[in-house]
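A.B. asks: Need a 3D model of the following:
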Amino acid sequence: MALKRMDNVGIVVEDLGVTIDFFRELGLELEGRATIEGEWAGRVTGLGDQPVEIAMMRTPDGHSRLELSRFLTPPAVEDHRNAAVNALGYLRVMFTVDDINDTLERLRKRGAQLVGDVVDYQDTYRLCYIRGPEGLLIGLAQELS
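C.D. replies: So this is what the prediction gives:
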C-alpha cells in the first residue's frame with residue numbers, strides 16, 4: 001500500500017489565541033477549533049487523561065494543515081522552541097509567500113523576529129527564517145521566477 005498524503009503538522013503551544021492570530025496573518029485559515037478529551041485520546045497519545053485544545057489551520061490551497069495544540073494536562077515536559085536551526089528532530093515549517101518583505105512587515109507587528117538574513121538562492125528563491133509566537137521557527141520562501 002502506498003502513502004496517500006500527509007494530513008498535518010502538529011505544533012504544541014501555550015497561547016492558542018495568539019498563535020492562531022499569527023498564522024491567520026500569515027495567510028492560513030482557521031478550519032476549526034475544539035477541545036479533545038476522553039479515554040480514546042489518552043490511549044492514542046499515551047498521556048492518559050489529557051484534555052487538549054486544538055485549532056486546525058489550513059493553507060489557502062487547501063492541501064496543507066497545521067494542528068495547533070494547547071495541552072491543559074499534563075504539563076509540557078520539554079521545550080524546543082529556542083532550539084538552534086541545526087537541532088535534531090522536528091524543527092520548523094516552511095511556507096511559500098508572494099512577497100517576503102510584505103510578509104515580514106505584517107508578521108513583525110505580531111512579534112516575529114528575523115533569525116538571520118533574507119537571502120536569495122540562485123535567482124530562484126528568496127528565503128529567511130523567523131521566530132514567531134512563543135519562539136516557533138518558521139521558514140519563508142518567495143519564488144523569484
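
A.B. asks: what about the strands in this structure?
C.D. replies: Remark: strands assigned in the chain by DSSP state E are 9-12, 29-36, 52-58, 65-71, 92-96, 113-114, 119-121, 125-131, 137-143.

A.B. asks: now these in JSON lines, with mean neighbour count and mean pLDDT?
C.D. replies: From N, CA and C alone the C-beta is placed, and that goes for glycine too. Output for the strands of the chain, formatted as JSON lines (neighbours: other CB atoms under 10 Å; pLDDT from 0 to 100):
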{"stretch": "strand 9-12", "mean neighbour count": "15", "mean pLDDT": "92"}
{"stretch": "strand 29-36", "mean neighbour count": "12", "mean pLDDT": "96"}
{"stretch": "strand 52-58", "mean neighbour count": "19", "mean pLDDT": "96"}
{"stretch": "strand 65-71", "mean neighbour count": "19", "mean pLDDT": "95"}
{"stretch": "strand 92-96", "mean neighbour count": "14", "mean pLDDT": "92"}
{"stretch": "strand 113-114", "mean neighbour count": "13", "mean pLDDT": "95"}
{"stretch": "strand 119-121", "mean neighbour count": "10", "mean pLDDT": "94"}
{"stretch": "strand 125-131", "mean neighbour count": "18", "mean pLDDT": "94"}
{"stretch": "strand 137-143", "mean neighbour count": "18", "mean pLDDT": "94"}
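
A.B. asks: for the ones you listed, which one sits closest to residue 3?
C.D. replies: When the strands of the chain are compared by CB to CB, strand 9-12 sits nearest residue 3, at 15.4 Å.

A.B. asks: packing partners for that closest one?
C.D. replies: For strand 9-12, the elements it packs on are strand 65-71, judged by 3 or more CB pairs under 8 Å, 6 or more residues apart in numbering; DSSP states H and E.

A.B. asks: what's the offset of the strand it packs on from the middle of its chain?
C.D. replies: Per CA atoms, centre = their mean, to the nearest Å, the displacement of strand 65-71 from the mean C-alpha position of its chain is 8 Å.

A.B. asks: The lengthiest helix in the chain: which residues count as buried?
C.D. replies: In the chain, assigned by DSSP state H, the helix with the most residues is helix 16-26. Buried residues in helix 16-26, counting neighbours by 16 or more other CB atoms under 10 Å, are found at 16, 19, 20, 22, 23, 26.
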